[in-house]
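Asks: coordinates only, sequence not included:
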């Protein structure tokens, strides 16, 4: 796992002593060895630390002290998902141990295996690492590995792996509009052009079929890691904060909602945190998902409208509490563009 270094301190002093005592009581490797820790990244939701102790090399995911109390249950939720993925063909971090005792570090946390790889999120608009910076075929692999990750995830036996209570698949699509519009009403923000058009369309339409499955909820290049070097190999899907049992095809729509319809030449300036030039077409990416998942994709327009509409609402929350944060202020135009795109597709699609 990688991240941007900051001045946030490592785990030291009494906190380190309590953590070591808990690790010993849990029977984890490294008993008697000193603990080394390094802050990797974090925000309002979670912090991530790299840990080394003897033969143990892992990462700890823990909410900051200022996070709402319900983040502790969210941590347990994330833990249950990565634990359920053990033994599947879904690339994931190793599930090491979870701690719900606030007497250890003040918050619920879990330890996972450390992934030796790289994250597209760290590129921040810069070039892909070699060989993906210049090799078109190698870059295609990044895209196909990305969608194959969620295609495999959609096939996980979530009931057999103890996740029957993770979400509410019954009535999933029927409650989307009311649920997220209620969320938007609580924000009490600005008028968003296209909201009414896209909302009305979603109320009037449903997908061709609905096969419940495990979904990530925020699937994109930012939330995966790749092994170093070529060919492209997905190392792990990470950041399961929005993971649930729902409709896995929404993960696909989250990926392709802003994907270029046709390939663009390598070298064109990136429009986001990753360079999409040289990637396969949207149709090719969708076809790969359908091949691996075994799901039909004839109703993809429904999911793309839902994804763009939902993304706009989720980001509007961040924009409304932006204050003087440039990162959150940047959500403002993205919200408008995403909702506009949802409304435009709702007015032009031939999906019935």
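Replies: In hand now; what should we look at? Predicted model, so just to flag it, every value in this text is computed and none were measured.

Asks: when you work out contacts or count neighbours from here on, use the C-alpha atoms and nothing else.
Replies: Will do.

Asks: report the contact partners of the residue lying closest to residue 102 once chain neighbours are set aside.
Replies: Spatial nearest neighbour of residue 102, chain neighbours left out: residue 108 (6.2 Å); criterion: Cα to Cα, 6 or more residues apart in numbering. By Cα atoms under 8 Å, 6 or more residues apart in numbering, residue 108 lies in contact with 62, 63, 72, 73, 75, 76, 98, 99, 100, 101, 102.

Asks: how about 10 Å then?
Replies: Taking Cα atoms under 10 Å, 6 or more residues apart in numbering, we find residue 108 in contact with 61-63, 69, 71-76, 98-102.

Asks: now do the end-to-end distance for stretch 272-288.
Replies: Counting by Cα to Cα, to the nearest Å, you get 23 Å between the two ends of stretch 272-288.

Asks: name the residues of that stretch that are buried.
Replies: Within stretch 272-288, the residues that count as buried by 16 or more other Cα atoms under 10 Å are 274-282, 284-288.

Asks: and of those, the nearest to residue 50?
Replies: Comparing these against residue 50 with Cα to Cα places residue 274 closest, at 25.0 Å.

Asks: in the stretch 251-352 of the chain, which spans are helices?
Replies: 282-293, 300-320, 326-329, 331-348 (DSSP state H, counting those that start in this stretch).

Asks: please state the offset of the second one from the chain centre?
Replies: Distance of helix 300-320 from the chain centroid (Cα atoms, centre = their mean, to the nearest Å) equals 14 Å.

Asks: also the shortest one?
Replies: Per Cα atoms, centre = their mean, the displacement of helix 326-329 from the mean C-alpha position of its chain is 20 Å.

Asks: touching it from outside, list them.
Replies: Applying Cα under 10 Å, 6+ apart, the external contacts of helix 326-329 come out as 315, 316, 317, 318, 319, 320, 321, 322, 323.

Asks: only the buried subset of those, as a PyMOL command please.
Replies: Selecting the buried subset of the contacts of helix 326-329 in PyMOL, with 16+ other Cα under 10 Å as the burial test, is done by:
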select buried, resi 315+316+317+318+319+320+322
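
Asks: export the contacts of helix 326-329 to JSON lines and append columns for pLDDT and distance to residue 164.
Replies: Formatted as JSON lines, the contacts of helix 326-329 follow (pLDDT from 0 to 100; distance: Cα to Cα, whole Å):
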{"residue": "315", "pLDDT": "94", "distance to residue 164": "29"}
{"residue": "316", "pLDDT": "93", "distance to residue 164": "31"}
{"residue": "317", "pLDDT": "90", "distance to residue 164": "30"}
{"residue": "318", "pLDDT": "89", "distance to residue 164": "31"}
{"residue": "319", "pLDDT": "93", "distance to residue 164": "34"}
{"residue": "320", "pLDDT": "90", "distance to residue 164": "35"}
{"residue": "321", "pLDDT": "86", "distance to residue 164": "35"}
{"residue": "322", "pLDDT": "84", "distance to residue 164": "37"}
{"residue": "323", "pLDDT": "84", "distance to residue 164": "40"}
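
Asks: columns distance to residue 186 on top of the contacts of helix 326-329, output as TSV?
Replies: Formatted as TSV, the contacts of helix 326-329 follow (distance: Cα to Cα, whole Å):
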residue	distance to residue 186
315	14
316	11
317	9
318	13
319	14
320	11
321	13
322	16
323	18
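
Asks: lowest confidence element among the helices and strands of this structure?
Replies: When the helices and strands of the chain are compared on mean pLDDT, DSSP states H and E, helix 326-329 comes out lowest with a mean of 86.

Asks: returning to what we had before: and the contacts of residue 108, which of them are buried?
Replies: Those of the contacts of residue 108 that meet the buried threshold are 61, 62, 63, 71, 72, 74, 75, 76, 98, 99, 100, by 16+ other Cα under 10 Å.

Asks: excluding covalently adjacent residues, which one is nearest to the second one?
Replies: Pointing back at residue 62 there. For residue 62, ignoring the flanking residues on the chain, the nearest one in space by Cα to Cα, 6+ apart is residue 109 at 4.5 Å.
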